[in-house]
Every structure is written in C-alpha cells, then in structure tokens.
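Engineer: I'll drop the sequence and a predicted model, then ask my questions.
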Amino acid sequence: MKMQDIPPRILDIPIRPMGLFVRIITLGWASAITLRPWGIFMKQEKTLRKDILIDILEHEIGHWFQQTLLGYLFYIFYFFEWLIKIFIYWKGAYKNLSFEREARDKRGDWEYWINRKPFATVKYL
C-alpha cells in the first residue's frame, strides 16, 4: 500500500493505541478494534510484520465505513448476528459474521468502501 493510493478521507481516520478500556472490552484478544467516532484502536505490536499491520488496518478501515453508514445499528446488528452464529459455528462465529467477511473480502478496495451502499453487508449473510 502506497500513501498516494489512499484517498484523502481515509487518511483522516484517527488511529490510536489500544488503552486499558479498549483492552478490557475486547477481553484482550483483538489486535485492533474500530469504535466510530473515536477511531481505530490498535495494539502496539512490535513483533508483527509491516504487511500484517497493513492488512489489519485495511480491515479496520472497512469497519469504519460500515459504522459510518449504519451508525449505532452496526453494533446492534453485529451483536445479534454474533449471538446467532455462536450457536452455529461456536469458535468460528467471529470469522463468519457478515461484517467481518465483508471487511476481509473488500480489504484495501477503496472504491468499494467510498461508494458502498448502507446495507451492502446483507449479501454476506
């Protein structure tokens, strides 16, 4: 990923270190979490390769756009879908959430995220 390839509005997203509160709400297992409007919170991982950090950041930017379009509905839909999928997939529930699948599938596709429709995630259910 080169800086000139990233649209300016993406560069305005605040990226912050993961503090105690964020580590508590993620139970310490997440490498990063997006909490709009406050920003993308990332662990200070000194051992991760640069390409992995870029993948994580691109994934979280996808969540930023999902949350931008859906607002607090994002958290409601995410929670209820997780409740359902925990019974179907158990440990694989997180990876099978529609928001997570979309963020992985469209990672780094800036045109998609900028032009995304509010309920585009439905096709990932």
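Structural biologist: Thanks, I have it. Numbers count the residues shown, from 1 in each chain.

Engineer: What is the helix ranked longest in the chain packed up against?
Structural biologist: As assigned by DSSP state H, the longest helix anywhere in the chain is helix 50-70. Contacts defined by 3 or more C-beta pairs under 8 Å, 6 or more residues apart in numbering; DSSP states H and E place helix 50-70 against strand 32-35, strand 39-42, helix 73-89, helix 98-105, helix 110-115. All C-beta spots, glycine's among them, are computed from the backbone N, C-alpha and C.

Engineer: Check the offset of it from the chain's centre.
Structural biologist: Offset of helix 50-70 from its chain centre (C-alpha atoms, centre = their mean, to the nearest Å): 4 Å.

Engineer: Pull out the buried residues from that helix.
Structural biologist: For helix 50-70, burial by neighbour count (16 or more other C-beta atoms under 10 Å) applies to 55-67, 70.

Engineer: In contact with residue 25, which residues are there?
Structural biologist: Applying C-beta atoms under 8 Å, 6 or more residues apart in numbering to residue 25 gives the contacts residue 33.

Engineer: Which pLDDT value belongs to it?
Structural biologist: For residue 25, the model assigns a pLDDT of 89.
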